[in-house]
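In: Sequence and computational prediction follow.
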Amino acid sequence: MTVDFSDLQTQAKAVKSRRITDLFTQDPKRAQEFSTRIPSDGGEMLFDFSKTNIDAATMEMLLALARNANLPERRSAMFTGEAINETEGRAVLHTALRNLANRPIYVNDENVMPGVLATLARMEAFASDVRRGTFQGQGGKITDVINIGIGGSDLGPVMATIAMAPFHDGPRIHYVSNVDGAHISDVLEGLNAETTLVLVASKTFTTIETMTNAQTARDWMAKTVSDSAAQFAALSSAEEKTGAFGIPPNRVFGFEDWVGGRYSIWGPIGLPLMIAIGADNFHEFLSGAEAMDRHFCEADLAENLPVLLALVGIWHNQGCGYATRAVLPYEQRLLRLPAYLQQLEMESNGKSVAMDGSRLDAPSGPVVWGEPGTNGQHAFYQLIHQGTRVIPCEFMAGKHGFEPELAHQHRLLMANCLAQSEALMIGRSFNEAKALMTVKGLTGTERDRQARHRVFDGNRPSTTLIYPKLTPCVLGQIIALYEHRVFVEGVILGLNSFDQWGVELGKELAVALEPIVAGREPADSKDGSTQMLVQFILAD
Ligand SMILES: O=P(O)(O)OC[C@H]1O[C@H](O)[C@H](O)[C@@H](O)[C@@H]1O
């Protein structure tokens, strides 16, 4: 079957007014048929996409779309190290960083695995030295670690460090990303330079925010300790630049250009996480991702979790025209997952041109946003339930929490998660709302008016992912699941998910604007708005 995006849009229009609840009535096995389970740490992971308007025929179309895009071939091209990042001429091999099975992977005829495993072993030795106190600060055992990085050199480790709080038994970890001096200043406040380790995390070691913050940290260190570079390590693929900063090669943890920034948590960029939770837990984290890689490569497309997640995404965005996607973890420790996924998904698939340079014939990847439940319920869910735009929601939750003494709170959390997807789907009709108002003693036009405000259209789609418990292994599985989902969506859209040229123009203009904002150069080459803003900033 040959299917294109316009076929999908036609199908979406044809089924638009159909109720998802009717699909359940027509097919008592719908929940089983539109869900899939895979083994996970100590149990199973369940992905339920039955609360969407996807039926068997739509699923066939979506699978055909994936096959037409040569998904299996593209997938194997990625895993075997072909230069699929065509605009930068690079392979895409973050999967090599969690290839614990040590399957050989060749780039330019060279097996990359010995290098990957050697770096992992060096990271483990360093993390354990820091944790045990074998590596010391100039005032004794390291009590605090500051990771200075931004984008892919920050969001993953921040997200995972918060997520892994129950496993955190190493020194305190702090993150500085923003060039706003407030960030580093707030983090340095109260820290003892003599027992602080600074990790400068930057793939390129040129990112202005990171380099500026690293210098500020160095100056801060120099005020207290005699050797200001001794408590610095670098996580970077630019060894000459780290040397110029004064960090010796034995404290530089490098990676290759085939690891994209937003896919880099599995290697040296994950060092702060490894220092926090220890090498064994980090190994578990890698093994979870490796298990997801195996599933992605081996499972039939129709049973394949990343593929299904991607197809649901394609259906909602490119088919139904829903431009945004809410990610709603019912897991407080996944607080930063939406921010992490914003970079992963929007930097990867926020493109307007296809691989061959032609304009895309479908909308690019969606706007991704979200907050943990139940907090979001008391903020923006109003719009999700009753606003005029349909926002597909992705719920996720752990079957178990880490606080057995608070099991009643976990039950409440789960009840809320399930209640939201149920409410979105079933809604509340005008008649039901009217009956409620009648019970409240209202009659006539006032009853009808009040009832209208209490109507929920319903029929709003959502998916739910339930995992056993947020262990390092499960976290690794979830992140790899989303990475592959982004890959599949990118393949179906025919774009390059692995470059990010869209961030360059702003960076270039910022460099040119710095002397203007400092008053050293005139602003007259700038547009009227920019000139006025500069004048306003410079006036006392
Ligand atoms: O790790 P770095 O080289 O410092 O890069 C940090 C980040 O900045 C860039 O602008 C890109 O948008 C990101 O993909 C990258 O993760």
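Out: Nice, thanks for sending it over. Numbering: from 1, shown residues only.

In: hey, let's count contacts and neighbours off CA atoms from now on
Out: Will do.

In: Spell out which residues of the chain are next to the ligand.
Out: Selection of the chain residues close to the ligand by CA under 6 Å from any ligand atom yields 150-153, 202-205, 207, 261-262, 503.

In: Now list the buried members of those.
Out: Of the members of the residues of the chain next to the ligand, the ones counted as buried by neighbours, 16 or more other CA atoms under 10 Å, are 150-153, 202-203, 205, 261-262.

In: from those residues, which is closest to Lys13?
Out: Closest approach to Lys13 among those (CA to CA): Arg262, at 35.4 Å.

In: distance between the ends of stretch 134-146?
Out: Using CA to CA, to the nearest Å, the end-to-end distance of stretch 134-146 comes out at 18 Å.

In: May I ask which helix or strand encompasses Pro104?
Out: Per DSSP states H and E: Pro104 is located in neither a helix nor a strand.

In: With respect to Phe380, which of the residues of the chain next to the ligand is nearest?
Out: Ranking those by separation from Phe380, with CA to CA as the measure, puts Gly151 on top at 25.6 Å.

In: Just to check, the closest one is in contact with Leu344?
Out: No: shown here, Gly151 and Leu344 do not form a contact pair, counting by CA atoms under 8 Å, at 9.7 Å.

In: Tell me which residues of the helix or strand where Leu383 lies come out buried.
Out: Assessed by DSSP H and E, Leu383 sits inside helix 381-386. Of the residues in helix 381-386, those buried under the neighbour-count criterion (16+ other CA under 10 Å) are 381, 384-386.

In: Report whether the expected contact of Glu239 with Phe255 is present.
Out: No: the pair Glu239 / Phe255 is not scored as a contact, 9.7 Å apart, by CA under 8 Å.

In: Helices of the stretch 351-500 of the chain, start to end?
Out: Counting by DSSP state H, counting those that start in this stretch, residue ranges of the helices within the stretch 351-500 of the chain are 381-386, 407-426, 430-439, 444-453, 472-493.

In: quick one on the thing from earlier: if you look at the residues of the chain next to the ligand, which of them are in helices?
Out: Cross-referencing the residues of the chain next to the ligand with the helices (criterion: DSSP state H) gives no overlap at all.

In: Now render those as a markdown table, adding pLDDT.
Out: Below are these laid out as a markdown table (pLDDT from 0 to 100):
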| residue | pLDDT |
| --- | --- |
| Ile150 | 98 |
| Gly151 | 98 |
| Gly152 | 97 |
| Ser153 | 98 |
| Ser202 | 97 |
| Lys203 | 94 |
| Thr204 | 94 |
| Phe205 | 96 |
| Thr207 | 95 |
| Gly261 | 97 |
| Arg262 | 98 |
| Val503 | 94 |
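
In: what about the spatially most central residue of the chain, which helix or strand?
Out: Residue closest to the mean C-alpha point of the chain, counted by CA atoms, centre = their mean, is Leu341 at 2.3 Å. According to DSSP H and E, Leu341 maps onto helix 337-341.

In: shouldn't Gly43 be in contact with Pro468?
Out: Yes: in terms of CA under 8 Å, Gly43 counts as a neighbour of Pro468; the distance is 5.9 Å.

In: who touches Arg131 in this structure?
Out: Contacts were defined as CA atoms under 8 Å, 6 or more residues apart in numbering; by that measure Arg131 touches 142, 170-171, 275, 278.

In: Can you tell me the SS state at it?
Out: Secondary structure state of Arg131, per DSSP: H, G, I helix; E, B strand; the rest coil, is helix.

In: Please name the spatially closest residue to the residue nearest to the centre of the chain (chain neighbours excluded).
Out: Spatial nearest neighbour of Leu341, chain neighbours left out: Val368 (7.1 Å); criterion: CA to CA, 6 or more residues apart in numbering.

In: To what extent is that neighbour buried, counted in neighbours?
Out: Other residues within reach of Val368, judged by other CA atoms under 10 Å, total 19.

In: Can you give me the buried ones in whichever strand or helix holds Ala125?
Out: Assigned by DSSP H and E, Ala125 falls within helix 113-132. Residues 113, 116-117, 119-120, 122-124, 126-131 are the ones in helix 113-132 that count as buried (16+ other CA under 10 Å).

In: Tabulate the residues you listed (TSV), appending pLDDT.
Out: Output for those, formatted as TSV (pLDDT from 0 to 100):
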residue	pLDDT
Met113	98
Val116	98
Leu117	98
Thr119	98
Leu120	98
Arg122	98
Met123	98
Glu124	98
Phe126	98
Ala127	98
Ser128	98
Asp129	98
Val130	98
Arg131	98
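
In: Could you report the separation of the residue of the chain most remote from its centre from the ligand?
Out: When each C-alpha in the chain is compared with the mean C-alpha position (CA atoms, centre = their mean), Gly444 comes out farthest, at 50.6 Å. Distance of Gly444 to the ligand, computed by CA to the nearest ligand atom, to the nearest Å: 58 Å.

In: what's the answer for Ala96, then?
Out: The span separating Ala96 from the ligand equals 19 Å under the rule CA to the nearest ligand atom.

In: ok but that residue is inside a helix, no?
Out: Yes: when three-state DSSP is applied, Ala96 is found to be in a helix.

In: Show me what the strand or helix carrying Met221 is packed against.
Out: Assessed by DSSP H and E, Met221 sits inside helix 208-222. In terms of contact count using 3 or more CA pairs under 8 Å, 6 or more residues apart in numbering; DSSP states H and E, helix 208-222 is assigned the packing partners strand 144-148, helix 181-188, strand 196-201.

In: and the first one, which strands flank it?
Out: Each strand that strand 144-148 pairs with, and the sense of that pairing, follows from DSSP bridges: strand 172-176 (parallel), strand 196-201 (parallel).
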